[in-house]
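Asks: need coordinates for the below:
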Amino acid sequence: ACVEMMRGGSKTFFAASRFLPPRVRSASIALYAFCRVADDMVDLGDSIERSLKVLHHRLDRIYAGQPENTVEDRALAVVVQRHALPRHLLDALLDGFAWDGNERRYDTMEDLHGYAARVAGSVGAMMCWIMGPQQAVTLARACELGVAMQLTNIARDVGEDARIGRVYLPLQWMREEGLEPAMWMAHPECNPAVQRVISRVLEEADRLYKRSMGGIAELPRDCRSAILAAGLIYGEIGNELRS
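Replies: Residues are numbered from 1 along each chain as shown. Here you go, the predicted structure:
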C-alpha cells in the first residue's frame, strides 16, 4: 500500500528508490508514505492547527509503540523501532508543513533555507540515518542534498505555486530584479526578470548538490548508487529549466 502511495506521488523518488537495497528501500517507502499523508492532511484539512495536533498525537503513539491502525502509521512504527529514528527530525518536518499551510513567504535565501531544511533536509537526514551513517557531518551533507532538491522543486513550480497564491522565491531577489512580489502575484507571468531569480535559485541548488556529493562516499556501498541517481535526476530537472 505504501508503494502505491509513492508510485502515484513522486516518480523521481520512486525511480531512485529502486536502486536501494531491500533493507533500506522498505523503510524509505514507509517514511515517504507517512510524509505524504501528513502533507495532505495539513494542505487539505479544514484547520492547520487541528491537523498538526492530530499528527503530533499520531507520532506520540508511534514512538510509544502503539500506532493507530493506519497503513502509514504502522509502517513508520516499524522503522522507528528498528532504526531508533530521532523524533525531532519528524517534528521538524511537521513544522515545515505548518509553514506551508500558513503560506509563509521568505525574504532571503537564508530564510528559504530554513523552510527547505524542515520539509526536505529533515527527510534527507532521516534517510541517511536509516542507511547507517549517523555522524553529524554525513547527516549535514544528506540534509543539504534534501535542501538542493527542494530548491529545484521550487524553481520548477513557480508558475503552479503562483496560481494558488504561493511564492517561495526570495522576495529580496525579486525586488532586486524590479519585481514587486504582491503585484507579480496578482498577475504572475514568466518574464526575463523572474527567470533571472529562478536561475539564482538553481545556482544555489547546484552549490548544495556539489557539497552533498562528498557525503555519498560516506554511505554504505549498497546505498550510494540510489542517492547519486536521485541527485543526478533532480540536477537534470534544473538543467531542463535553464534551457
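Asks: residues in contact with stretch 35-52?
Replies: Outside of stretch 35-52, the residues within contact range by CB atoms under 8 Å, 6 or more residues apart in numbering are 5-6, 9-10, 54-55, 70, 72, 93-94, 97-98, 100-102, 123. In this view, the C-beta of every residue, glycine as well, is placed from N, C-alpha and C.
Asks: relative to residue 158, which of these is nearest.
Replies: Nearest to residue 158 among those is residue 100, at 15.5 Å by CB to CB.
Asks: quick one: pLDDT of that closest one?
Replies: Listed pLDDT for residue 100 reads 86.
Asks: show me what contacts it?
Replies: 39, 42-43, 119 are the contacts of residue 100 under CB under 8 Å, 6+ apart.
Asks: distance of it from residue 44?
Replies: Residue 100 is 12 Å from residue 44, where distance means CB to CB, to the nearest Å.
Asks: equivalent analysis for residue 241, please.
Replies: Remark: distance between residue 241 and residue 44 (CB to CB) = 28 Å.
Asks: these two: who's more crowded?
Replies: residue 241 (17 against 9; other CB atoms under 10 Å).
Asks: now for the nearest residue to the more buried one once chain neighbours are set aside, how many residues are close by?
Replies: Spatial nearest neighbour of residue 241, excluding adjacent residues (CB to CB, 6 or more residues apart in numbering): residue 155 at 5.7 Å. Close neighbours of residue 155, defined as other CB under 10 Å, add up to 23.
Asks: residue 203 is in contact with residue 155, correct?
Replies: No: between residue 155 and residue 203 there is no contact, the gap being 10.0 Å when judged by CB atoms under 8 Å.
Asks: where along this protein do the helices fall?
Replies: 2-9, 11-17, 22-44, 48-63, 71-83, 87-101, 109-116, 122-131, 136-156, 158-163, 171-176, 181-186, 192-216, 221-242 (DSSP state H).
Asks: and those helices, which is most packed in?
Replies: Greatest average neighbour count among the helices of the chain goes to helix 122-131 (a mean of 25), per mean count of other CB atoms under 10 Å.
Asks: most centrally placed residue in the protein?
Replies: residue 120 (2.5 Å; CA atoms, centre = their mean).
Asks: hmm, that one is touching residue 150, no?
Replies: Yes: between residue 120 and residue 150 there is a contact under CB under 8 Å: 3.7 Å.
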